[in-house]
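> for reference, the sequence and a predicted model appear below.
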Amino acid sequence: MVTTRPLNHDETEALAAARLVALQHAPYLATALFAMRPVAAEGLGTFGVDGAWRLYLDPATLSEWGAEHAGGVLLHEAGHLVRDHSGRVRALGSRVDRERWGLATDAAINDDLIEAGIPLPGSPVTPGALGLPDGGIEEAYYHALTPPEGEEEDQAIPEPEDGYGCGSGAGDKPAPWELGLDDDAAPGLDSGQVEIVLHRVAHDVVNHIEAKGRGSVPAGFERWASRALTAPALPWTKVLAGMVRHIAALTTGRVTYSYSRPGRRRIPGIVMPAMRAPRPRVSVVVDTSGSMSEGDLAAALAEVQGVLKAVGGTVRVLTCDAATGDVQTIRNADSIRLTGGGGTDMRVGIAAAEADRERPDAVVVMTDGYTPWPQRPTRARLVVVVIGNTTQADVPAWARVLSVPASD
Ligand SMILES: [Zn+2]
């Protein structure tokens, strides 16, 4: 049984001491550490977070761990919130195994904390303990922990004792003791406040790295911050919706309009039909030739992330210089393995994308434009995103051309 109540005076002091330890280790997370709303959760036996940034802490555990270890756990919980584990779990689909996601996210966070020399109580979940390489991202760990279809589950995977892991703020199912979103006694953060906190933290991380140098912030937080500050430049939902209409004209019956779920655009008094189209199958070819600068690649990955968000599932990615790598199915742009560095021929990547067994509706090429193009129109719609090249390259007239600046 877990019961929640406000923290008393002594508990507030103990939390402040733990927070001070956390701040000494990771000053760039200050805004997040102060934004978490503490709630005493007697009987919880650990700390956890919910989607409204409430921090549930068992007062008995807090005093047992002491400031040093509790400070490490505060950073662990802040890590779940900052790295948006509750949002990212949704991208894994409705059949996601949340316990496995909990292990994947715990391993990714603890890996970073241990690397930074931050002490944690007990025997924390680490990539090594799960048989995974260090330095990976959450989604990659999740998939590595998922047994192939039809195969026995690996019995060696430990399960969290109470079945709720670090709470809904970590992407777990909401635990029964979590407070309602608009609980008056302990109000949480709304989505606008969360966005402000995250933006501030991302800037603090980047500034800390600028002041103290590379390696002063664990890799996972650095990756998160640079991604958080690089928004895609293109409106991918619109771009791809236009594409679905085009496909519908060719193959009837693939798009249906439904009045059962209202569309997001509201006109007073009129319910707009929601577009219930099959998700367009999108393959992305990322130019990894030698002429693509780091800023070009960062911009390309930001656009891939935009495509992913618009598609709402997975995207097939090929890296291509003058030859192409394996097709990668990705759910997060950070998990793309970028290989290449040679000459440039996007025709090779486009041909490989079209030959894929999951035939794409659209092939999106992210390139600086210094490449030959196919002579004849492709079967899939070709979208060319020209990065950091104002002269617009020699893209064929039948392809759709969009351009974005390179990232700084
Ligand atoms: Zn956790």
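That came through fine. None of the values given here were measured: they were computed from a predicted structure.

> contact partners for the residue nearest to Gly290 when sequence neighbours are not counted?
In space, Gly290 comes closest to Gly341 once its chain neighbours are excluded; the distance is 5.4 Å by CB to CB, 6 or more residues apart in numbering. For the C-beta atoms, the positions are set from N, CA and C on the backbone; glycine is no exception. By CB atoms under 8 Å, 6 or more residues apart in numbering, Gly341 lies in contact with 288-290, 321.

> kindly recompute the last result at 10 Å.
288-292, 319, 321 (CB atoms under 10 Å, 6 or more residues apart in numbering).

> state the pair within those that is farthest apart.
Ser291 and Thr319 (14.2 Å; CB to CB).

> show me which of those two is the more surrounded one.
Thr319 (26 against 17; other CB atoms under 10 Å).

> from the ion, how far out is that one?
Taking CB to the ion, to the nearest Å as the measure, Thr319 and the ion are separated by 32 Å.

> what sits against that residue?
By CB under 10 Å, 6+ apart, the neighbours of Thr319 are 284-289, 297, 300, 325-328, 336-341, 349, 366.

> buried ones among those?
284-289, 297, 300, 325, 327-328, 336, 340, 349, 366 (16 or more other CB atoms under 10 Å).

> just those residues: which are in helices?
297, 300, 349 (DSSP state H).

> count the neighbours of the residue in the chain that the ion sits nearest to for me.
Evaluated by CB to the ion, the chain has Cys166 as its residue closest to the ion, separated by 3.2 Å. When neighbours are counted by other CB under 10 Å, Cys166 registers 27.

> now do the strands in the chain.
3-5, 37-42, 47-49, 54-57, 256-262, 273-276, 282-287, 315-320, 328-330, 362-367, 381-387, 400-404 (DSSP state E).

> turn the ones you listed into a markdown table, including distance to Glu210 and mean pLDDT.
A markdown table is the format used below for the strands of the chain (distance: least, CB to CB, whole Å; pLDDT from 0 to 100):
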| stretch | distance to Glu210 | mean pLDDT |
| --- | --- | --- |
| strand 3-5 | 40 | 94 |
| strand 37-42 | 30 | 96 |
| strand 47-49 | 29 | 96 |
| strand 54-57 | 29 | 96 |
| strand 256-262 | 45 | 47 |
| strand 273-276 | 43 | 46 |
| strand 282-287 | 27 | 95 |
| strand 315-320 | 29 | 93 |
| strand 328-330 | 29 | 87 |
| strand 362-367 | 27 | 95 |
| strand 381-387 | 24 | 94 |
| strand 400-404 | 24 | 90 |
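
> so for Asp172, which of these sits nearest?
Across the strands of the chain, Asp172 has its closest neighbour in strand 47-49 (8.1 Å, CB to CB).

> per-residue pLDDT of the nearest residue to Thr288 once chain neighbours are set aside, please?
Spatial nearest neighbour of Thr288, excluding adjacent residues (CB to CB, 6+ apart): Gly340 at 2.8 Å. According to the prediction, Gly340 has pLDDT 81.

> repeat that for Trp53.
96.

> ok, Leu250 next?
For Leu250, the predicted pLDDT is 49.

> got the residues of the stretch 101-250 of the chain near the ion?
For the stretch 101-250 of the chain, the residues in contact with the ion (CB under 5 Å from the ion) are 106, 166.

> which stretches of the stretch 101-250 of the chain have low pLDDT?
Within the stretch 101-250 of the chain, the ranges that satisfy pLDDT under 70 run 149-164, 244-250.

> any chance you could map the helices in it?
Secondary structure of the stretch 101-250 of the chain by DSSP state H, counting those that start in this stretch: the helices cover 138-145, 191-212, 219-229, 236-250.

> and the second one, what's buried?
If I follow you right, that is helix 191-212. Neighbour count says helix 191-212 has 194, 197-198, 201-202, 204-206, 208-209 buried, by 16+ other CB under 10 Å.

> ok, and what's touching that helix?
Contacts to helix 191-212, defined as CB under 10 Å, 6+ apart, come from residues 26-36, 51-53, 78, 81-84, 87, 188-189, 215-218, 221-230.

> from Glu64, how far out is the nearest residue to Gly45 once chain neighbours are set aside?
Distance criterion CB to CB, 6+ apart; nearest residue to Gly45, sequence neighbours excluded, is Asp58 at 5.5 Å. Noted for Asp58: a distance of 9 Å to Glu64, by CB to CB, to the nearest Å.

> so which of those two has more stuff around it?
Taking neighbours as other CB under 10 Å, Asp58 and Glu64 compare with Asp58 leading, 19 against 12.

> quick one: contacts for the more buried one?
Counting by CB under 10 Å, 6+ apart, the residues that Asp58 touches are 2, 40-48, 64-65.

> quick one, which of those are buried?
For the contacts of Asp58, a burial check counting by 16+ other CB under 10 Å picks out 2, 40-42, 44, 46-48, 65.

> quick check, nearest of these to Ala241?
Using CB to CB, Gly48 is the member of the buried ones among the contacts of Asp58 that lies nearest Ala241, at 38.5 Å.

> beta partners of the closest one?
With DSSP bridges applied, Gly48 shows beta-bridge pairing to Tyr56.

> for it, give its distance to His80.
9 Å.

> what do you get for Arg381?
39 Å.

> so for these two, which sits in the more crowded spot?
Using other CB under 10 Å as the criterion, Arg381 and His80 rank with His80 on top: 25 against 21.
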